[in-house]
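**Q** Quick one: sequence and predicted model below, then my questions.
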Amino acid sequence: MGAGSVLLEISDGVAVATISRPGKLNSLSGDMRRQLRDCIRDAARDESVRALVVTGAGQAFCAGGDVGTMSTLREENRADEFHHILHAGAECVLALQAFPGLTIAAIPGIAAGAGFALALGCDLRVATSTARFAASWRGLALAPDWGATHWLPRTLGYPQALELVLSGRMLDANEAMQLGLVHRVVDAADLDSKVAEFAEWARARDMVKAVKYLLRKGLASGIEASLAAETEAQEDLFVSDDVLEGLRAFGEKRPAKFGEDS
């Protein structure tokens, strides 16, 4: 199979980055990590984009790194090339975290290893009822990467995160939602519409950016620091066109039209 590619499409303020190597469950090979990073960065630079959707072509989200490539590198003792692969993955995660709007993982099928962590790195996750999730590093005697050790203990707590990684067991979509790893589970036919519904929440992009920053700060700060950051964010947003539109819409008893000419 070919190395695959990552494709970016932008329409009506929503960017869609599609990992495309369907014959190999969209496993990452060749230059795909850097392509994904560049797609995320390109979408972030486009001020018309309020939401970024990350998904996979066909019936999979992403099965992680290409095991055949890793096997070749290990057999030939090319650890330096493995280092570059890890660095490229970390750059994808950091680009995703820096994205100023809303990020949504649309998960049509398997999300394993780096693919599982990539989904966790998005703000929201929508999965089909046939999707499956696995912290699959154990089978290769490797530690998690792509930020999995950041997200899993924050979502599950340390004991459950440890169990999930050490067991390497597969989760179905419903268990993943019960654990808080997925926000919605839908039929395959409804995946696009649910993702579009989530993307609508991001019409006021500056507000989304501020909320993401404040919630992340709240995880690491005391109440005093959170209150100070909230005050600063509210004052910055108060002079925006979106707030003006929201206040006018409230007074006129109509839905607000954020991100449009008021």
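**A** Great, that's in hand. Numbering: from 1, shown residues only.
**Q** which residue ranges form the helices in this protein?
**A** Taking DSSP state H as the test, the helices found in the chain are 32-45, 67-75, 79-98, 114-120, 148-156, 158-167, 173-178, 191-200, 205-220, 223-238, 241-251.
**Q** what about the ones you listed, which gets the closest to K24?
**A** K24 lies closest, by CB to CB, to one member of the helices of the chain: helix 67-75, at 8.8 Å. For glycine as for every other residue, the C-beta is placed from the backbone atoms N, C-alpha and C.
**Q** quick one: contacts of stretch 246-262?
**A** Contacts of stretch 246-262 from elsewhere in the structure, counted by CB atoms under 8 Å, 6 or more residues apart in numbering, are 13, 50, 203-205, 207, 241-242, 244-245.
**Q** Could you do stretch 146-162 as well?
**A** Stretch 146-162 is contacted from outside by 89-90, 92-93, 113-114, 116-118, 120-121, 135, 137, 143-144, 164-165, 179-181, 219, using CB under 8 Å, 6+ apart.
**Q** So A148 versus S193, what's the distance?
**A** A148 is 29 Å from S193, where distance means CB to CB, to the nearest Å.
**Q** Ranking by neighbours, what's the top pick from the contacts of stretch 246-262?
**A** R50 (25 neighbours; other CB atoms under 10 Å).
**Q** Could you write me a ChimeraX select line covering just the buried ones among the contacts of stretch 146-162?
**A** Once 16 or more other CB atoms under 10 Å is used to decide burial, the buried members of these can be selected in ChimeraX as follows:
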select :89,92,93,113,114,116,117,118,120,121,135,137,144,164,165,181
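**Q** Select, from the contacts of stretch 246-262, the two members most distant in space.
**A** Spatial extent of those (CB to CB) is set by the pair G13 and L244 at 19.3 Å.
**Q** A148 and S193 - which one has more neighbours?
**A** Of the pair A148 and S193, A148 is the one with more neighbours under other CB under 10 Å, namely 23 against 10.
**Q** Roughly how far does that one sit from L171?
**A** Relative to L171, A148 is positioned 13 Å away (CB to CB).
**Q** And for D241?
**A** Computed with CB to CB, the distance linking D241 and L171 is 43 Å.
**Q** now do V208
**A** Noted for V208: a distance of 28 Å to L171, by CB to CB.
**Q** circling back: to R21, which of the helices of the chain lies closest?
**A** Comparing the helices of the chain against R21 with CB to CB, the closest turns out to be helix 32-45 (7.0 Å).
**Q** Name the nearest residue to G56, ignoring sequence neighbours.
**A** Distances taken as CB to CB, 6 or more residues apart in numbering put N26 closest to G56, at 4.1 Å, once the chain neighbours are dropped.
**Q** Burial check on that neighbour, number of neighbours?
**A** The number of residues packed near N26 is 29, by other CB under 10 Å.
**Q** That one against D66, yeah?
**A** No: when contacts are counted by CB atoms under 8 Å, N26 is not listed as touching D66 (10.2 Å).
**Q** for M170, what are its contacts?
**A** Residues near M170 by CB under 8 Å, 6+ apart: 132-134.
**Q** is it true that H183 touches A176?
**A** No: no contact is recorded between H183 and A176 when judged using CB under 8 Å, the distance being 9.9 Å.
**Q** who has more neighbours, those two?
**A** Applying other CB under 10 Å to H183 and A176 shows that A176 carries more neighbours, namely 22 against 17.
**Q** Quick check: which ranges of the chain have low pLDDT?
**A** Using pLDDT under 70 as the threshold, the predicted model of the chain has low-confidence ranges 1-2, 261-262.
**Q** And the protein, what are its domain boundaries?
**A** Partitioning the chain according to automatic domain parsing yields domains covering residues 5-200, 205-251.
**Q** Next, format the ones you listed as CSV and append distance to G259.
**A** Supplementary listing: the domains of the chain in CSV, determined by distance: least, CB to CB, whole Å:
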stretch, distance to G259
domain 5-200, 6
domain 205-251, 7
